[in-house]
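Novice: For reference, the sequence and a predicted model appear below.
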Amino acid sequence: MSNLSETFKKRKALITYITAGDHSLAETKKLISSFEKAGADIIELGIPFSDPLADGPVIQASHQRALKKNVALADVFKLVAKVRKKTQIPICFMLSYNLIVKYGEEKFYADCEKIGVDGVVIPDLPPEEGSSPSTSLGTSVKGQAARIAFVAPTSTDARIKSAAESASGFIYLISVAGITGKREMISGDLGDLAARVRKYTKLPIAIGFGISTPAQASQMARIADGVIVGSAIVDLIGKKKTAAALKLIASMRRVIDAR
C-alpha cells in the first residue's frame, strides 16, 4: 500500500503547499519538518516555474523568489533526499509538464521512486493527453509516484470519468473556477461535485484552491477526505511570518479532527 493511501486511511488529510526554495531550500527543509509537527499529513512542493498555471499572485510571487535563487527541479530532488533521512511524510510535487520534459520523463519518474516522491500534480497535462505509455501518465503508473488528477466545478461527467480513470493517489477537487488564492466564500455545491466524482472512483478526494481559514477547512473536511491549503500559508511564509503559518496549520488540524 502506498504512503498516500496509508495517510488517507488514518484520518482526514491536511495537505500543505510550499514553493520549494521560497527564501531558500534550507528554509523549505525546515518548514517541512515544522509543518509535519504542526499537523500536516502531506506536503505539496511547488516546483518553481516562470509561468505557473492556475496560480494566483501570491504563489506566483513565491515562484519568482525561488527562481531568483536559481532553484531548479534537480535541487528539489536533492532537498527531498535530505528530508527523507528524517521523515517519511508523503511529499507530492506540483509542477509544469515542461519541467518534466526538460528534465527527461524517464529520469524524472525514476528519481521520484528512488528519492521518495509520493505523488505528482501536473496542472497543464490534461488526462486525455496523459493516457499513452509515452507520456507522463503512462510513465508514472509504472512507478511509485501517484498521478494526481484535477476535477473542477466546470468538469463534465465525461471529464470527471477520464480524470478518475487516469488518476492514482487521490483526486484534487478544485473548489472554484479560477486561480489559487484566499477567498471569503467557498462554493456550496462542492458536496454535489464530490458525489459525482465518487461515482467514478474509490480514490480519496482532497479539496483545494481558496481555503484559508480553519472554518473553511472544517467545512471542506465534511465533504472530502482531505483539505489542501496553499496561498494562505505561502502568503505568511513570504512575509516571514512562520509562527503564524504554523499556528494556522495547527488550528486547521484541530478543527478537521473535531468536525
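Specialist: On my side now, so go ahead.

Novice: For the most centrally placed residue in the chain, what is the enclosing helix or strand?
Specialist: The centre of the chain sits closest to residue 44, judged by Cα atoms, centre = their mean, with a distance of 4.0 Å. Using DSSP states H and E, residue 44 sits in strand 42-46.

Novice: Quick one: list the elements packing against that strand.
Specialist: In terms of contacts (3 or more Cβ pairs under 8 Å, 6 or more residues apart in numbering; DSSP states H and E), strand 42-46 is packed against strand 13-19, helix 25-38, helix 57-68, strand 91-94. (Glycine included, C-beta is placed from N, CA and C.)

Novice: quick check, distance from the second one to the centre of its chain.
Specialist: The chain centroid and the centroid of helix 25-38 are separated by 16 Å, computed with Cα atoms, centre = their mean, to the nearest Å.

Novice: With just CA atoms, put it into CSV.
Specialist: Taking C-alpha atoms only, helix 25-38 is exported to CSV below (Å, rounded to 0.1, in the frame of the first residue of the first chain):
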residue,chain,number,x,y,z
LEU,A,25,16.0,25.4,0.1
ALA,A,26,17.3,25.2,3.7
GLU,A,27,14.2,27.1,4.8
THR,A,28,11.9,24.8,2.9
LYS,A,29,13.6,21.8,4.6
LYS,A,30,12.9,23.3,8.0
LEU,A,31,9.3,24.1,7.0
ILE,A,32,8.6,20.6,6.0
SER,A,33,9.6,19.4,9.5
SER,A,34,7.7,22.2,11.2
PHE,A,35,4.6,21.7,9.2
GLU,A,36,4.5,18.0,10.0
LYS,A,37,4.9,18.7,13.7
ALA,A,38,2.0,21.3,13.4
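
Novice: related to what we said a few turns ago, now the angle between strand 13-19 and the strand holding residue 44, please.
Specialist: Relative orientation of strand 42-46 and strand 13-19, computed by axes from the mean of the first three to the mean of the last three Cα atoms, to 10 degrees: 20 degrees.

Novice: That'll do, ta.
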